[in-house]
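Undergrad: sequence plus the predicted model coming up.
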Amino acid sequence: MPNSSQSPAPEAQAHEPRVVAFLCKWCSSAGSDLAGVSRIQYSANATPITIPCTGSMSPLYVLSAFNKGADGVLVSGCHPGDCHYMEGNYLARRKLYLVKQLLQFVGLEAERFRMSWVSAAEGAKFAEVIDEFVGDLRPLGPQTRLKAKH
Amino acid sequence: MVNVDALRGYAADLLEKGQVRAVIGYRRGTAGVLAQPCTIDEAGEAETLVWDPTCLNNLARYLVEDRQQQAAAQTRNKTPDGRPVAIVAKGCDSRAVAVLLQENYLKREDVVIIGVSCEGSGVIDPRKLAARPEGRWASRVDFAGADAFKVTVGGDETLIPARDLLADRCLECRAAAPALNDVLFGEVVTERGLDEPFRAVKAAQGATEDARWATWEHHFDRCLRCFACRAVCPMCYCPECVVDSTTFVNTPGTTAEEKATRIRWCERSASVSESALYHLTRAIHLAGRCIDCGECERVCPVNIPLRLLNTKLEMEAFEQFQYEAGRDFGQASLLSSFRDEDPNSFIR
Ligand code: SF4
Ligand code: SF4
């Protein structure tokens, strides 16, 4: 197996990270809307996918996004105590903590998977979270470890 | 000491009285030193049951197979025999049964657990035995206290330190006797100065990120996708597996459009990315369910250290959530429960 992942390719600097962002429809998705209507400038690197609740996140969504070439995956939901379904975010926190640990264990760069709590009122925080994430991903270059080669 | 004659007598009695449909246990194997799984349904056959350090298999898998057969019989309008099945269970096997009960896959009254203690040691790793000069020709391995195994080669008996032959998971085992049982043969031993729990995982995660990936990329690249690891696991009982659909298979009649629009989470090609997807998905689907019987790793034809993936998550479950798979079949499952103090600092 040619090992393409040891050092970032020379063109890594030019690589624009692609982020898949799974956003809870009750909070973070509305938060991203607020960032938009408030005309906050932030990185345009994230592709949002609205989900009914972070509790509905299957670990397979994360793995599949990396498999299809995502450079980073973000899951964002309601702050503890604020879940529309009372406990979905608590269940997600446990499940995705394990996903993060597992990805790190096999050696995916730790920065590539991230979680955040962003409420519908936190448009500015949403913009910050995305900017920060993209900033941390940029030096890593393209994600090649879990990406399908076909 | 486990009194094997008493165990045979107990099994014969259950069958004689018609209290169970069958007994799943171990008998002498026909090829080499290892015992093999067997199902007996007549009291006279109970004589063939054995218990020694070569009883490697996790027999809970056969409870799963049995339930699937019972269900199939029902769909053929046959009334299945509703009596329970008895199973000879080591510590790890009994924890597997506990998980099956917890998940309502089995009912408590459907299974009689004949517990056997591992005598303070455990079962052997056949690869460790084969690597030794006497190992290749060994005809028997017996318990000889907690610290040694008695290996019989021809007419000679040698004592080998238990530590040298024990399966890795047995070295790390925290409870080498079945807590869940209907009857227990042998003593409950809790003090075992063998290896600290999760030692192998801790060593593996000490490597750098790049080194860890290099290792796993190598393993994922070697995986044949034979699915032996899935087939042997008592917890992998889904009739439909997300990585390898049995419902949506391509047939000569499948149109190109159907093929193109069908959701495939994972391709069947045995490439690094697809095998990674398979193994990571399997690991996470076993989080809080894997009882570390080590069977997946034992049956892998290319020796992928699969235990590491599962025990990594069991270690996190234990350390962060104080959760142990199979500890108690009444407990809420790892992923269907939470506590306010669960880790939160990794979230922005
Ligand atoms: S048994 Fe080994 S080779 Fe077969 S699918 Fe599992 S890991 Fe891959
Ligand atoms: S994942 Fe492996 S060690 Fe865990 S229960 Fe299944 S077969 Fe046993």
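TA: Here it is on my side, so go on. If you're wondering where the values come from, they're calculated on a predicted model, not measured in any experiment. Ligands and ions are numbered 1, 2, ... in the order given.

Undergrad: all helices for chain A, in order.
TA: For chain A, the helices defined by DSSP state H cover A:28-37, A:59-67, A:88-105, A:123-137.

Undergrad: please apply the same query to the stretch 101-250 of chain B.
TA: In the stretch 101-250 of chain B, the segments counted as helices under DSSP state H, counting those that start in this stretch are B:126-130, B:162-165, B:168-172, B:199-204, B:209-222, B:228-232.

Undergrad: and the ones you listed: which comes nearest ligand 2?
TA: Ligand 2 lies closest, by CB to the nearest ligand atom, to one member of the helices of the stretch 101-250 of chain B: helix B:228-232, at 5.6 Å. For glycine as for every other residue, the C-beta is placed from the backbone atoms N, C-alpha and C.

Undergrad: ok, residues contacting the closest one?
TA: B:58, B:61, B:236, B:241, B:282, B:295-301, B:304, B:306 (CB atoms under 8 Å, 6 or more residues apart in numbering or on different chains).

Undergrad: next SSE after it?
TA: helix B:256-261 (DSSP states H and E).

Undergrad: could you dump the next helix-or-strand element following that following helix to CSV, C-alpha only?
TA: Sequence order places helix B:272-285 as the next helix or strand after helix B:256-261, per DSSP H and E. In CSV, the C-alpha atoms belonging to helix B:272-285 read as follows (Å, rounded to 0.1, in the frame of the first residue of the first chain):
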residue,chain,number,x,y,z
VAL,B,272,-8.0,0.1,3.1
SER,B,273,-10.8,2.7,3.2
GLU,B,274,-13.6,0.1,3.0
SER,B,275,-12.1,-2.2,5.5
ALA,B,276,-11.5,0.7,7.8
LEU,B,277,-15.1,1.6,7.5
TYR,B,278,-16.1,-2.0,8.2
HIS,B,279,-13.9,-2.4,11.3
LEU,B,280,-14.6,1.0,12.8
THR,B,281,-18.3,0.5,12.3
ARG,B,282,-18.1,-2.9,13.8
ALA,B,283,-16.1,-1.6,16.7
ILE,B,284,-18.6,1.1,17.5
HIS,B,285,-21.6,-1.3,17.1
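
Undergrad: outside of helix B:272-285, which residues touch it?
TA: For helix B:272-285, the external contacting residues (CB under 8 Å, 6+ apart) are A:1, A:59-60, A:63-64, A:67, A:95, A:98-99, A:102-103, A:106, A:145-149, B:216-217, B:220-221, B:223, B:225, B:229-230, B:236, B:242-243, B:265-268, B:306, B:309-310, B:312-313.

Undergrad: and the helix or strand that it is followed by, does that touch ligand 2?
TA: Downstream of helix B:272-285, the next assigned helix or strand under DSSP H and E is helix B:295-299. Yes - counting by CB under 6 Å from any ligand atom, ligand 2 is contacted by helix B:295-299 at B:E295, B:C296.

Undergrad: show me what helix B:295-299 is packed up against.
TA: On a contact count with 3 or more CB pairs under 8 Å, 6 or more residues apart in numbering or on different chains; DSSP states H and E, helix B:295-299 meets helix B:228-232, helix B:306-321.

Undergrad: how much space separates whichever residue of chain A sits closest to ligand 1 from A:F113?
TA: Relative to ligand 1, the nearest point of chain A is A:V106 (13.4 Å; CB to the nearest ligand atom). Applying CB to CB, to the nearest Å, the value for A:V106 to A:F113 is 12 Å.

Undergrad: who touches residue 109 in this structure?
TA: Answering for chain A, as no chain was given. By CB under 8 Å, 6+ apart, A:E109 lies in contact with A:L140, A:Q143, A:R145, B:E209.

Undergrad: not what I meant, chain B
TA: Listed by CB under 8 Å, 6+ apart, the contact set of B:E109 reads B:P84.

Undergrad: for the stretch 1-150 of chain B, give me the ranges with low pLDDT.
TA: Filtered on pLDDT under 70, the stretch 1-150 of chain B yields no residues whatsoever.

Undergrad: residues in contact with the residue sitting nearest the centre point of chain B?
TA: For chain B, B:C293 is the residue whose C-alpha lies nearest the centre (CA atoms, centre = their mean; 3.6 Å). B:C293 sits next to B:N58, B:A60, B:C92, B:D93, B:A96, B:R169, B:P234 when contact means CB under 8 Å, 6+ apart.

Undergrad: looking at the helices and strands packed on helix B:295-299, which one is packed in the most?
TA: Counting by mean count of other CB atoms under 10 Å in any protein chain shown, helix B:306-321 has the highest mean neighbour count of these, with a mean of 22.

Undergrad: strands along the stretch 1-150 of chain B, start to end?
TA: B:22-27, B:36-40, B:85-89, B:111-116, B:138-144, B:148-153 (DSSP state E, counting those that start in this stretch).

Undergrad: of those, which stretch is the most buried?
TA: strand B:85-89 comes out most buried of the strands of the stretch 1-150 of chain B by mean count of other CB under 10 Å, with a mean of 25.

Undergrad: okay, the angle between that strand and strand B:36-40?
TA: Calculated by axes from the mean of the first three to the mean of the last three CA atoms, to 10 degrees, strand B:85-89 forms an angle of 150 degrees with strand B:36-40.

Undergrad: show the pLDDT at the residue of chain A found nearest chain B.
TA: The minimum distance from chain A to chain B, using CB to the nearest CB, falls at A:G107 (2.8 Å). pLDDT recorded at A:G107 is 97.

Undergrad: once you drop chain neighbours, what's closest to it?
TA: In space, and not counting its chain neighbours, A:G107 is closest to B:W213: 2.8 Å by CB to CB, 6 or more residues apart in numbering or on different chains.

Undergrad: the stretch 101-250 of chain B against chain A: which residues are in contact?
TA: B:201, B:204-205, B:209-218, B:221, B:242 (CB under 8 Å from any CB of the partner chain).

Undergrad: return the member of these nearest to B:A176.
TA: B:V201 (19.2 Å; CB to CB).

Undergrad: the closest one touches B:M315, doesn't it?
TA: Yes - judged on CB atoms under 8 Å, B:V201 makes contact with B:M315 at a distance of 5.4 Å.

Undergrad: quick check: bridge partners of the closest residue to B:L49 other than its chain neighbours?
TA: Ranked by CB to CB, 6+ apart and with sequence neighbours excluded, the top spatial neighbour of B:L49 is B:G25, at 4.6 Å. On the basis of DSSP bridges, B:G25 is bridged to B:C38.

Undergrad: what's near enough to touch B:G25?
TA: Contacts of B:G25 (CB under 8 Å, 6+ apart): B:A11, B:P37, B:C38, B:I40, B:L49, B:V50, B:L59, B:I87, B:V88, B:I114.

Undergrad: and for A:F113?
TA: A:F113 sits next to A:V62, A:G72, A:V73, A:V99, A:K100, A:L103 when contact means CB under 8 Å, 6+ apart.

Undergrad: would a markdown table of those residues with distance to ligand 2 be doable?
TA: Shown next, in a markdown table, are the contacts of A:F113 (distance: CB to the nearest ligand atom, whole Å):
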| residue | distance to ligand 2 |
| --- | --- |
| A:V62 | 20 |
| A:G72 | 29 |
| A:V73 | 25 |
| A:V99 | 17 |
| A:K100 | 20 |
| A:L103 | 18 |
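
Undergrad: farthest pair in those?
TA: Pairwise distances across these peak at 13.8 Å for A:G72 and A:V99 (criterion: CB to CB).
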